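[1] attaching a predicted model along with its sequence, questions to come.
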Number of protein chains: 2
Amino acid sequence: MLTTHANELSALSPQNLRPAGVPQRYGKLWSSLKEVCDLLRIPVQLAADEHQFQHVQFKTGQRIHTIGQPFDALYIVNSGFLKTVMIDDFGNEQVLSFPMKGDLFGIDGIHSKQYTTETVALTSCDVILLPFRTLSLLSRTHSELEVALYGVMSRELVREQTMAGALGSLGAEARIARFLVQLAQRFTDMGYSGTQFNLRMTRQEIGSYLGLTLETVSRTFSAFNTMGLVSVDQRAIVIHDLKALSTLRRLAPAQHRVKAKKALAEARSSDTPPSLAA
Amino acid sequence: MLTTHANELSALSPQNLRPAGVPQRYGKLWSSLKEVCDLLRIPVQLAADEHQFQHVQFKTGQRIHTIGQPFDALYIVNSGFLKTVMIDDFGNEQVLSFPMKGDLFGIDGIHSKQYTTETVALTSCDVILLPFRTLSLLSRTHSELEVALYGVMSRELVREQTMAGALGSLGAEARIARFLVQLAQRFTDMGYSGTQFNLRMTRQEIGSYLGLTLETVSRTFSAFNTMGLVSVDQRAIVIHDLKALSTLRRLAPAQHRVKAKKALAEARSSDTPPSLAA
DNA sequence: CGTTAGCTTGAATACCTTCAAAGTAGGTGG
DNA sequence: CCACCTACTTTGAAGGTATTCAAGCTAACG
């Protein structure tokens, strides 16, 4: 008798038997509002704030929130790597993002009062809990917090739009090059090497994120390797030519080219947006 | 010699209302906060609100805002049809959405203080201006407005995530079927026929939105026509089999299938997310 | 040291794009 | 009013890119 699903399980959540009762108690346990804002990279002048936000630790494979679970909090990654996924119309898992230090997630839950995605730890993680009610209350006294939150949500929207644009217009090589460049950037921002790092996700997860199959991801890595752009050995990546990766745009499935004359004509004929009044 | 969209337009903004002496000033000029919330489909209990928001009219081809323009307002569509586009790394236009009645746009500008997209009228449009400063001020006195705004932004994010998911996982036929189904739904919501309508956008724009070429869009419409799912004649659409369109999922470029047993096992064994405290 | 998940690579095929050409519709000026 | 122009649409044929299926390989974990 094959223990098929036990096998598969072990990969995603190897040690998910958490002793009931007390969550793991190592690492930092509380952060102030100021620390939270710094983590989110939003410049906020704050008056004295007493409020402390709770940290929670998760181990590889554990879920921070699940689909359908009632929404009550946003989360910020303090350390570690995660993935957020959607389940599409027939049970297929779609990776939507790979949250890492400083990223906010759980936003999707606000609208429908329950999460539409689930977020899973790809490594051990330290996550800060931001109860939504608390945020609402705080933003009443700290009005700059409100605008900052709009800003973060706006940033996420732009990120998602850019992603949709890339999926629609770039070929496999360009998508993967972009992925590597962005990853390198994030590692740099976090103070790690931007030229040498380990992937925390599988080829399958990368493929799902980029709208490709795992084989295409693997082949493209190999191709980049052969071209000397990067060295790839399993999860270990060394970036040799960031510039080449950044400019690698094999003009996509070509498609929509904007005709210059058309753009010009419209620019001439269209009114300037009206001045605003309230 | 009425054009097709002039016909439909007449229902939306009757042009026979012409206040004497004021040129170009037909249509409704101001809306209250309550009316704005109704349009956005957010249930908000509001105390007396004096504030009135300005309407602005645009003609086909005019831009509501442009890329790089300083951000100072969000917009709601009161009537008409638009497209929002991004320009990708080499000048190609990417359609991101087709805002129509009740849709909020301009959100992308909040983060970087200037718009990263531009929005263009595909028909004559009536748009309500929501100066961002005004919203901030109002949400200080109407705290439920703040949460409502978060909700709308969250809804947009989910929409964009779902779009990215579809682009990554569905084949051309499935994407176009989804597109038609969603359009039909929107028309129904607006009180128009959901089975018979005119497209306001070109094949090129649809293709850009769905990550396909205009030829593929055209061919797929023709194929649906031949199959009897819809009748397509240029921009005129009649939907014959909505159910078939809704369930048309030619299992995509297949890729990542989540084994049902795996999902189940994980669901059972994984920890429930920790209880929240603040 | 065996088992298993994950990774690599090959070969065949399907799907979508590309290039090309002809048809349709609406608007403009003669 | 008609002819023409332009933009949009349709359809065909060829080719390329990514998927699919399959098999062997690697590395980690117990």
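    Structure received. Numbers count the residues shown, from 1 in each chain, chains lettered A, B, ... in the order given.
[2] what angle separates the lengthiest helix in chain A from helix B:143-169?
    Longest helix of chain A, by residue count under DSSP state H: helix A:143-169. Angle, helix A:143-169 to helix B:143-169, by axes from the mean of the first three to the mean of the last three C-alpha atoms, to 10 degrees: 20 degrees.
[3] ok, then the element right after helix A:143-169?
    Using DSSP states H and E, the next helix or strand after helix A:143-169 towards the C-terminus is helix A:172-189.
[4] so is that next one next to DNA strand D?
    Yes: residues of helix A:172-189 are located near DNA strand D by C-beta under 7 Å from any atom of the strand, namely A:172, A:173. Every residue, glycine included, has its C-beta placed from N, CA and C.
[5] what's the mean pLDDT across that helix?
    Per-region confidence: helix A:172-189 scores 98 on mean pLDDT.
[6] what is it packed up against?
    helix A:143-169, strand A:196-198, helix A:203-210, helix A:214-227, strand A:236-239, helix A:242-247 (3 or more C-beta pairs under 8 Å, 6 or more residues apart in numbering or on different chains; DSSP states H and E).
[7] how about the first one: buried residues?
    Okay, so that is helix A:143-169. Judged by neighbour count (16 or more other C-beta atoms under 10 Å in any protein chain shown), helix A:143-169 contains these buried residues: A:144-169.
[8] can you give me the strands in the stretch 1-150 of chain A?
    Ranges of strands in the stretch 1-150 of chain A, per DSSP state E, counting those that start in this stretch, are A:30-32, A:52-58, A:63-65, A:73-79, A:82-87, A:93-97, A:104-105, A:118-121, A:125-131.
[9] give the contact list for residue A:86.
    A:67, A:93, A:94, A:96, A:116, A:117, B:161, B:162, B:165 (C-beta atoms under 8 Å, 6 or more residues apart in numbering or on different chains).
[10] try 6 Å this time
    Residues near residue A:86 by C-beta atoms under 6 Å, 6 or more residues apart in numbering or on different chains: A:94, A:96, A:117, B:165.
[11] the third one is in contact with residue A:84, isn't it?
    Yes: with the criterion set as C-beta atoms under 6 Å, residue A:117 and residue A:84 qualify as a contacting pair; they are 4.8 Å apart.
[12] shared neighbours of these two, which are they?
    With C-beta under 6 Å, 6+ apart, residue A:117 and residue A:84 have no common neighbours.
[13] among the contacts of residue A:86, who's most crowded?
    Counting neighbours by other C-beta atoms under 10 Å in any protein chain shown, residue A:96 comes out on top of the contacts of residue A:86 with 25 neighbours.
[14] from residue A:122, how far out is residue A:218?
    Applying C-beta to C-beta, to the nearest Å, the value for residue A:218 to residue A:122 is 19 Å.
[15] for those two, indicate the residue with more neighbours.
    Between residue A:218 and residue A:122, counting by other C-beta under 10 Å, residue A:122 is the more crowded of the two (20 against 16).
[16] what's the pLDDT at that one?
    At residue A:122, pLDDT is 98.
[17] number of residues surrounding residue A:238?
    Per other C-beta under 10 Å, the neighbour tally for residue A:238 reads 13.
[18] that one bridge partners, please.
    residue A:196, residue A:231 (DSSP bridges).
[19] who's in contact with residue A:46?
    So residue A:46 contacts residue A:34 (C-beta under 6 Å, 6+ apart).
[20] dihedrals phi and psi, it?
    phi -120, psi 140 (degrees, to the nearest 10).
[21] just the pLDDT for it.
    73.
[22] ok, now residue A:16?
    34.
[23] then the one 5 residues further on?
    Per-residue pLDDT puts residue A:21 at 37.
[24] got it, and residue A:153?
    98.
[25] spatially nearest residue to it (excluding sequence neighbours)?
    Setting aside the residues directly before and after it, residue A:153 is nearest to residue B:153 in space (C-beta to C-beta, 6 or more residues apart in numbering or on different chains), at 4.7 Å.
[26] does that neighbour touch residue A:154 like I think?
    No: using C-beta under 6 Å, residue B:153 makes no contact with residue A:154, being 7.3 Å away.
[27] overlap in contacts of these two?
    Common neighbours of residue B:153 and residue A:154 (C-beta under 6 Å, 6+ apart) are residue B:107.
[28] can you put the strands of the stretch 1-150 of chain A in a markdown table and add distance to residue B:29?
    Below are these laid out as a markdown table (distance: least, C-beta to C-beta, whole Å):
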| stretch | distance to residue B:29 |
| --- | --- |
| strand A:30-32 | 47 |
| strand A:52-58 | 46 |
| strand A:63-65 | 45 |
| strand A:73-79 | 39 |
| strand A:82-87 | 42 |
| strand A:93-97 | 41 |
| strand A:104-105 | 39 |
| strand A:118-121 | 46 |
| strand A:125-131 | 41 |
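[29] which one of those strands lies closest to residue B:246?
    strand A:82-87 (17.8 Å; C-beta to C-beta).
[30] tilt between the closest one and strand A:52-58?
    Using the same axes, to 10 degrees: strand A:82-87 against strand A:52-58 is 80 degrees.
[31] where are the low-confidence patches of the stretch 151-278 of chain A?
    A:250-278 (pLDDT under 70).
[32] do the stretch 1-150 of chain A as well
    A:1-26.
[33] again, 50 this time
    Where the stretch 1-150 of chain A drops to pLDDT under 50, the residues are A:1-23.
[34] in stretch A:99-111, which residues are buried?
    Buried residues in stretch A:99-111, counted by 16+ other C-beta under 10 Å: A:99, A:100, A:101, A:103, A:104, A:105, A:106, A:107, A:108, A:109, A:110, A:111.
[35] err, stretch A:235-246, not the other one
    Under 16+ other C-beta under 10 Å, the buried positions of stretch A:235-246 are A:237, A:239, A:242, A:245, A:246.
[36] hmm, the second one is touching residue A:230, no?
    In this case it means residue A:239. Yes: judged on C-beta under 6 Å, residue A:239 makes contact with residue A:230 at a distance of 5.3 Å.
[37] does stretch A:97-109 come close to chain B?
    Yes: using C-beta under 6 Å from any C-beta of the partner chain, stretch A:97-109 reaches chain B at A:107, A:108.
[38] hey, C-alpha coordinates of that stretch in CSV?
    Provided in CSV are the C-alpha atoms of stretch A:97-109 (Å, rounded to 0.1, in the frame of the first residue of the first chain):
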residue,chain,number,x,y,z
SER,A,97,3.0,36.4,-5.0
PHE,A,98,6.0,35.5,-2.9
PRO,A,99,5.7,37.8,0.1
MET,A,100,9.0,38.5,1.9
LYS,A,101,10.4,41.0,4.4
GLY,A,102,8.3,44.2,4.4
ASP,A,103,5.4,42.9,2.3
LEU,A,104,1.9,43.3,3.4
PHE,A,105,-0.6,40.5,2.7
GLY,A,106,-4.1,39.6,3.4
ILE,A,107,-5.5,42.7,1.7
ASP,A,108,-7.8,40.5,-0.5
GLY,A,109,-9.9,39.7,2.6
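[39] and the contacts of that stretch?
    Counting by C-beta under 6 Å, 6+ apart, the neighbours of stretch A:97-109 from elsewhere in the structure are A:39, A:71, A:74-77, A:79, A:81-84, A:115-117, A:119, A:152-153, A:190, B:154, B:157-158.
[40] buried ones only from those residues, please, as a ChimeraX command.
    Selecting only the buried entries of the contacts of stretch A:97-109 in ChimeraX, with 16+ other C-beta under 10 Å as the criterion:
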select /A:39,71,74,75,76,77,79,81,82,83,84,115,116,117,119,152,153 /B:154,157,158
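[41] residue contacts, residue A:232?
    With contacts defined as C-beta under 6 Å, 6+ apart, residue A:232 is in contact with A:221, A:225.
[42] er, residue A:34 I mean
    Contacts of residue A:34 by C-beta under 6 Å, 6+ apart are residue A:46.
[43] one more pass at 7 Å, please.
    A:46, A:49 (C-beta atoms under 7 Å, 6 or more residues apart in numbering or on different chains).
[44] any idea how far it is from chain B?
    Using C-beta to the nearest C-beta, to the nearest Å, we find residue A:34 at a distance of 16 Å from chain B.
[45] next: residue A:38.
    In terms of C-beta to the nearest C-beta, residue A:38 sits 17 Å off from chain B.
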